[in-house]
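Prediction below, plus the sequence it came from.
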Amino acid sequence: MNNLIGQPLDRIDGRVKVTGRAVYAYEHDVPNAVYAVMVTSSIANGRIASIETHEAERARSVLLVMTHQNSPKLPAVQDQSETSPPGRAVQVLQDDRVYYPNQPIGLVVAETFVDAVAAAQLVQVQYQARPPQVDLESRLSQGYTPKKSGGGGAPSTSKRGDVEAGLKEADQRIEQVYWTPFQVHNPMEPHATIAVWDTAQHLTIYDATQGIFGARGRVASVFALPPSNVRVISPYLGGGFGSKGPTWSHVILAAMAAKQVNRPVKLAVTRPQMFGPVGLRSQTRQAIAIGAKSDGTITALRNDTASHTSMFGEFVEAATLPTRMLYQSSNNSTSQVIVRSNIGQSSYMRAPGEATGTFALEVAMDEMAYALKMDPVAFRLKNYAETDPDENKPWSSKSLRECYRQAGERFGWSRRPLEARSMREGNTLIGWGMATSVYPTRRSESHASARLNADGTFSVDAGSQDLGTGTYTIMTQIAAESFGVSPRQVRFRLGDTILPETPVSGGSQTAASTGSAVQLASQALREKLIQMAITDAQSPMSGASAQDVALEGGRLYRRSDPAKGETFQQLISRSGQAYVEGTADSKPGSEKESYSMYAFGAQFAEVRVDADLGEVSVSRMVGCFAAGKILNAKTARSQFMGGMIWGISMALYEEAAVDKRLGRWVNNNLAEYHVPVNADIGQIEALWVDEVDHHINPIGAKGIGEIGITGASAAVANAVFHATGKRVRDLPVTLDKLII
Amino acid sequence: MRPFTYTCPKTVDDALRAYMQTSESKFIGGGTNLLDLMKMGVERPPQLIDINKLPLTAIEERNGGLRIGALVSNTAAANHPLIRTRYPVLSQAILGGASPQLRNMATMGGNLLQRTRCYYFYDPSYAECNKRVPGSGCAALHGYNRIHAILGQSEQCIAVHPSDMCVALAALDGEVQVKGPKGERSIRFADFHRLPGETPQVETNLTSGGINYLDRFAGYLLRTPFLLPEGAGSSFVCFRARFRGGDSGRGRGRKDSRSANRIGRGRNETLARHTGREGSCWPETG
Ligand SMILES: Cc1cc2nc3c(=O)[nH]c(=O)nc-3n(C[C@H](O)[C@H](O)[C@H](O)COP(=O)(O)OP(=O)(O)OC[C@H]3O[C@@H](n4cnc5c(N)ncnc54)[C@H](O)[C@@H]3O)c2cc1C
Ligand code: SF4
């Protein structure tokens, strides 16, 4: 089948999901399972003075109350260094220290979920609390410069030219501080795990994870098992957004408890507990300086970012990265400082670094455009980077100009008056704003296998995960097109560590990495079958050239004489094999050394602001993205829109609010931590530019999971300025910031 | 689980009798607020009296005004033709709050008696909250309090009553009819809720004189929470500003209106803009 890739194929998993037959981590029917509930800390810093468990132990059907007093000690988690990456340092009841609010400090296991919840409430904890350290501004001097910045491993500081000289030379200067708040991923499906010790030395884990192989490796190392003795299964996920990338404490706790009670243990993290033990996005403070000549040429660009990490691990919210490479700027410097705070580990959250970094940079760019009295798009085009100014390399491809043009035209940008507060409808102020999107193209080693079975069925396997984004669907499309069958004939399996190894579904790399592997494995199988046919004396294609053999509609035949052909079954049955297999070991090559690889985009937003009340709504938004080959028009559109909507959420609603005296999250539930609902979202349009990029990876995809959120919050904040004349530099843009 | 008993009486008098037999019982309407609070351990009733079988579901015309049963759902009230035409502000206020699913379950009585969404009240692991544990202090006062009151607060409590509907009812000068063990009475809507003052745990004037009653609604069953006077409704439109911008049901009809009385501040800033009479909108802070 040709031209399947790109088609808006419906989701392969759509039917099982809407009929409730898709089995999520917590729902696997494991015989004899018991239920675990975590007890979490109500202080942010200190020690457990006493923890009283007698009453809980005596409660109905309770099998185990585990605390640091009676937990098995795990040497592998005790010697963690403070620079452990997120998800490495876990809090699994090894001592009495409390580092952050909602830290696991106990685990109650009972025959039923209800009994476990009730007993958990009977655990009495006394603390020796110390003052929490959560404020960033007052503790900037306690920060340190990490060695690396962000997931890509870029250095944490950068410098080219002389920013001070560039600022002096400038006709206009913008020097401002921008803030983005703490955010919590809050996927609809909370984290959940079932741990089953099949034997004393073999563990099966059903886990809501974005990385089954990472989970396998982590669990194996903690329990000192060979990785082959751990199996992780994760066929469906209800979202992840980065929070399910690392393997957090609750997974280890479930396995510890299962060993203790000698039964399978189910453990779900509750919604309030999602605020802390399973990662969050750090607040950022970004001090930006831009200098520009009156013709719009940028003479200096600087971003000094501070963010939080936990007391026990290290994560850098690398907001400086876009400042380095998005615009031509010969005088450019960035620095990154992280401050240890009493928070759960800050971690990857949809476009870590880019989502926060584009907010500050793109708002600062907007401020400069006003200072120069220039159109914001024209100002960006004036400083368009034709090559990567940071790494001094050509782009593998870059269609940002086209994105500005298409999105701008669709939006009607040319009709925008330059001055702020110049569009009004009665009591409603209207504003138009825009921003640039950018996200790096990543790829990791990945493996896949494709099999043609003796019964003629075609099955494709790759470990991988589907976060709800459409992995099942695009892999099916890729396999069908690469092999030459219809998507209905493909059985694609993922989400199990017995399948070929693949990377974490993070960094927007699944299509590029595993998509490439699936393509190569399917092509390998196709070639193998053709070879079988032309070398098999009994085949009607015996002796034909490989180019002369076509594979279509479940059979192989000679192009030159289509009557001469046979079915897959006929070919395989003569060989006596149960199946024929093609495999692929696909890894990045040297392209990274020669090219700089990014997806780009442009976003335009219209906001309507009540002149008296300051209430903001985004009435329309248009984004156009250039992200390599688009594999499925329907799932891609959903990803772009989902990112844009999250950008609106970041701009207007989301903030994990902390009581600084207590160091606790006060709004740790979905009634008070606001995410947009359908009624909050106006018209959203996602367009894209089709790019053919031969440099990035065999499938030619740049990844689309994260680009949509980048720049989106800045486009909204810039539109709010255009509507009201009020510049809000700390997200979210709430009404009090506009009316006071 | 904290054990509790459950009863589902068929008449108002049976419901009151059940209440008298077990002190600290709770009536349950839609349960959208009470069940959450029970799960959090804030409310710990030994008995739940399910009032959904009581005949309190009618919306009737009465002396040119309207009488709305305590068990009328928020959705039914907001969509009722008489309410939509005569008291649009009430319909708009209800539709401005919560979500369709919640409004389908929520009752008029329960909406009136829903409790504050102050974070510190909702989570008993916070030691300080005068409303939950009288005398313990007020964590919000110097804590994270941007959703709290700017009018009507006290040193003891700065929480707002979270109901959108109640703002409209205050503006409409409604009346609440209740029946308790000592009989029936009517309370002017504006006198129904109390400011927190020294006793934030006492949220309404249902227990007149009962200052130290921990049970705020001792024995009173709201029968017809609202008797709305004739002709009151037409001069108001409801403006509700929220941190999220959902346009669901906000009345934007009267652009000429300029006398906005702000009532409460924060996430659910509810405003009634009054076109005719100045100053008739009341803070319902409780
Ligand atoms: C996620 C969420 C968002 C919300 N958003 C909003 C919002 O934006 N705006 C808003 O106004 N509200 C909002 N609400 C609150 C909602 O309106 C209330 O929960 C609802 O109105 C309560 O009605 P109910 O019938 O379910 O009450 P219940 O939970 O059944 O009862 C509440 C209280 O009233 C008592 N009670 C109930 N009926 C009677 C009676 N007839 N006589 C005596 N006592 C009685 C109960 O004992 C209990 O103490 C929200 C709620 C949730 C969960
Ligand atoms: S404001 Fe009122 S409800 Fe909130 S903590 Fe203070 S006393 Fe409790």
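Yep, that arrived. None of these values were measured; they are calculated from a predicted model. Ligands and ions are numbered 1, 2, ... in the order given.

Could I get the full set of helices for the stretch 501-650 of chain A?
Taking DSSP state H, counting those that start in this stretch as the test, the helices found in the stretch 501-650 of chain A are A:510, A:516-535, A:568-575, A:591-594, A:633-652.

now the stretch 101-250 of chain A
Assigned by DSSP H, counting those that start in this stretch, the helices in the stretch 101-250 of chain A fall at A:113-120, A:163-169, A:212-222, A:249-261.

Show me what counts as buried in the first one.
This points to helix A:113-120. For helix A:113-120, burial by neighbour count (16 or more other CB atoms under 10 Å in any protein chain shown) applies to A:115-120. C-beta coordinates here come from the backbone N, C-alpha and C atoms, glycine included.

With the second one instead?
Of the residues in helix A:163-169, those buried by neighbour count under the rule 16+ other CB under 10 Å are A:163, A:166-167.

Stretch A:685-701 too?
Those would be A:685-689, A:691, A:693, A:695-701, for stretch A:685-701 by 16+ other CB under 10 Å.

Just the terminal-to-terminal distance for that stretch.
Stretch A:685-701 has an end-to-end distance of 21 Å (CA to CA, to the nearest Å).

Stretch A:194-210 too?
OK, stretch A:194-210 end separation, CA to CA: 16 Å.

Give the rounded mean pLDDT of that stretch.
Across stretch A:194-210, the average pLDDT comes to 98.

cool, stretch A:507-524 as well?
For stretch A:507-524, the per-residue pLDDT averages 95.

Stretch B:118-128 now?
Here the average pLDDT along stretch B:118-128 is 96.

Pull up the per-residue confidence for A:Gly456.
pLDDT, read off for A:Gly456, is 87.

State the three-state secondary structure for it.
With DSSP: H, G, I helix; E, B strand; the rest coil as the basis, A:Gly456 sits in coil.

so it sits right up against A:Thr567, yeah?
Yes: using CB atoms under 8 Å, A:Gly456 makes contact with A:Thr567 at a distance of 6.6 Å.

So those two - more neighbours on which side?
Neighbour count, other CB atoms under 10 Å in any protein chain shown: between A:Gly456 and A:Thr567, A:Gly456 has more, with 17 against 14.

Enumerate every residue touching that one.
A:554, A:567-569, A:572 (CB atoms under 8 Å, 6 or more residues apart in numbering or on different chains).

Of those, just say which sits nearest to B:Gly197.
A:Gly554 (80.9 Å; CB to CB).

Quick check on the contacts of A:Gly456: which are buried?
Buried subset of those (neighbour count, 16+ other CB under 10 Å): A:568-569, A:572.

Return the set of buried residues in stretch B:154-172.
Applying 16+ other CB under 10 Å to stretch B:154-172 flags B:154, B:156-172 as buried.

Excluding covalently adjacent residues, which one is nearest to A:Thr157?
Closest residue in space to A:Thr157, ignoring its immediate chain neighbours: A:Ser335 at 4.7 Å, by CB to CB, 6 or more residues apart in numbering or on different chains.

Tell me which residues of the strand or helix carrying the one you found come out buried.
According to DSSP states H and E, A:Ser335 maps onto strand A:332-340. By neighbour count on 16+ other CB under 10 Å, the buried set for strand A:332-340 is A:332-340.

One more: stretch A:525-540?
Across stretch A:525-540, burial judged by 16+ other CB under 10 Å covers A:525-526, A:528-530, A:532-534, A:536, A:539-540.
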